[in-house]
Each structure stands twice: as C-alpha cells, then as structure tokens.
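>>> Let's see this in three dimensions:
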Amino acid sequence: MPLCAHLEESKLSKISLLSLSFLNGGQRMRRNGFTLIELLVVIAIIAILAAILFPVFAQAREKARQTTCLSNLKQIALAAKQYEQDYDERSVYGQLTVPGVNAPANTVGWPQMIYPYTKSNEVLLCPDDSNKKSISPNLDPTPPGYPAPVHSSYLYNYYVGVNNKYPNPNQVILFTESGLLMNAAAPWTTSTSPIKPAAFLTGCDRWSLFSASQDPNNPDWAAADSRHNEQANSAFMDGHVKSLQRNAMYPNENNQLNWPQPFN
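Residues are numbered from 1 along each chain as shown. Got it, this is the predicted structure:
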C-alpha cells in the first residue's frame, strides 16, 4: 500500500475514533443530567409528600404536648394527695390567707401550698399555654413561709377544698386546664372565648354558681380551656387523668357545672 494512502487511512481512523468518543461522551453527559421536565416532576412529588406529611408531623407534635400536659396534671394530683395525707385528709385549699392578716396580704394559692411535694414549678405549665407569665394580683408576692406565686396553666376545683367528702371521687374533677371567661348563657365557652390569663381557680359542684368565671374583672376564676384539639386535660379526685371534650365541661341548663356527673 502506498505511504500516502496508509497515512490517509490512519487519519480517518483517528477521526472516526474521536467522533465516537465525542458522541459517547455526549451520551454520558445526557445520561448524568436531568431535563427540566424531570426536575419539575421531582419537585412536584416532593411538594405532594410534604403536603401529606407536615400535618401528620403537626398532629404528632400536638399529641406529644398533650401527653406532657397529662403528665403534669398527674404529678399535680399526686402532690395534692400527698398534701392531703400530711394534713389529716384535708384537701389543699384553693387559696389561703395566713391567720391574722387580711387578704390579699399573705394570701397564697394552691400551687404554693403543694410546692413542697412537686419540688418544681415546671409541672404547672402546659406546653400549649400562651400565658406563662401571668400571675393573679390577689396573691401576695412575698408571703411568709411560702414560695413566691407563679403562673399556673391549670385550675383547681375550689369546692373540693371546701368539701372534700365526695361519694364518687373518680367522677369529680380536681384540676383542669385554665382558663376562659365563661358566657352567662349557652354556649358557655367556645373556641373564641376570651382568655383569663391569671386564673387558677374554678368550681364544680351542683349547687355552685359560676358567676366568678363570668366576671371579666375577677382574675382568679375561669372556665376550663379546651387547648388540645378541643379537649381539656383533667385530673380527678382519685388521681386519674383524662382528656375531656369541651361539651363535657359545660354547665347544665340551670347554670351549674356538670362536673360531678359520671364521665364515660
């Protein structure tokens, strides 16, 4: 074969190899990349998954908060029972004034009275409570022999402190969530009822009117707040805790609280 023809054939072979290499490289580049349509499909899939999962995560977080709140109430109820054992079966008072001094001087609330048993103020705070710094102005800020008052996310059944001899303690609420301004007529409370941020007392006896919780100028008394998906966590006199629907907290037609009634 002439030398020129050999060289020409060699050049053609090299060009062919380079062309194939270039084409193969281009194919590899196309395989390693994404088209705009493919990217949009991936983004759409991520958006759909986020729309499905985010509400699930939110519900799980709220359930965890509700569980923490129930645990708080359990500890508070146990502390109240310990107080009762140490004071000759006398239930903790809703509020107490040191003898010899008129209220509000030296007036303390139930959270201060059970503090020796809880050893912590953190159990008084519900994770969903938005008013963690409000304190009743009717409590002495520096009471002798007691710790300073703190905010409580929970209401105490004042009438248990007045009369703690109930035949069915498993049916009577001892503590529940605070605290809404109650309407004077049905519906007694709604999801838009005004909050009474410093309240720490309530009442639940068949003969007890709830006028104090209907008074916007009375900071201490309130109706239960259904903070957890329209449910209010509650602790009963026997120490068990339970979440109750809003309608279970309503007064009856005579403007008296239903709480001593059995709950299913």
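>>> just to confirm, which helix or strand has residue 55 in it?
Per DSSP states H and E: residue 55 is located in helix 36-86.
>>> Now do that helix: distance to the chain's middle.
Helix 36-86 sits 10 Å away from the centroid of its parent chain (CA atoms, centre = their mean, to the nearest Å).
>>> Show me what it is packed up against.
helix 115-118, strand 154-157, strand 173-177, strand 231-236, strand 241-245 (3 or more CB pairs under 8 Å, 6 or more residues apart in numbering; DSSP states H and E). In short, each C-beta sits where N, CA and C put it, glycine included.
>>> Mind doing that once more with 7 Å?
If you count contacts as 3 or more CB pairs under 7 Å, 6 or more residues apart in numbering; DSSP states H and E, helix 36-86 packs onto helix 115-118, strand 173-177, strand 231-236, strand 241-245.
>>> Can you add distance to residue 211 and give the ones you listed back as TSV?
Below are the helices and strands packed on helix 36-86 laid out as TSV (distance: least, CB to CB, whole Å):
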stretch	distance to residue 211
helix 115-118	30
strand 173-177	19
strand 231-236	21
strand 241-245	23
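>>> These into TSV, with extra columns for mean neighbour count, distance to residue 184 and mean pLDDT?
TSV is the format used below for the helices and strands packed on helix 36-86 (neighbours: other CB atoms under 10 Å; distance: least, CB to CB, whole Å; pLDDT from 0 to 100):
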stretch	mean neighbour count	distance to residue 184	mean pLDDT
helix 115-118	16	35	95
strand 173-177	27	20	90
strand 231-236	24	20	91
strand 241-245	17	22	89
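>>> Buried residues in stretch 51-69, which are they?
Within stretch 51-69, the residues scored as buried using 16 or more other CB atoms under 10 Å are 65, 66, 68, 69.
>>> Correction: the previous question concerned stretch 110-128.
110-115, 117-118, 123-128.
>>> Which of those residues fall within helices?
Counting by DSSP state H, the buried residues of stretch 110-128 place 110, 111, 112, 113, 115, 117, 118 in helices.
>>> Specify which member of the buried residues of stretch 110-128 is nearest to residue 51.
residue 128 (24.3 Å; CB to CB).
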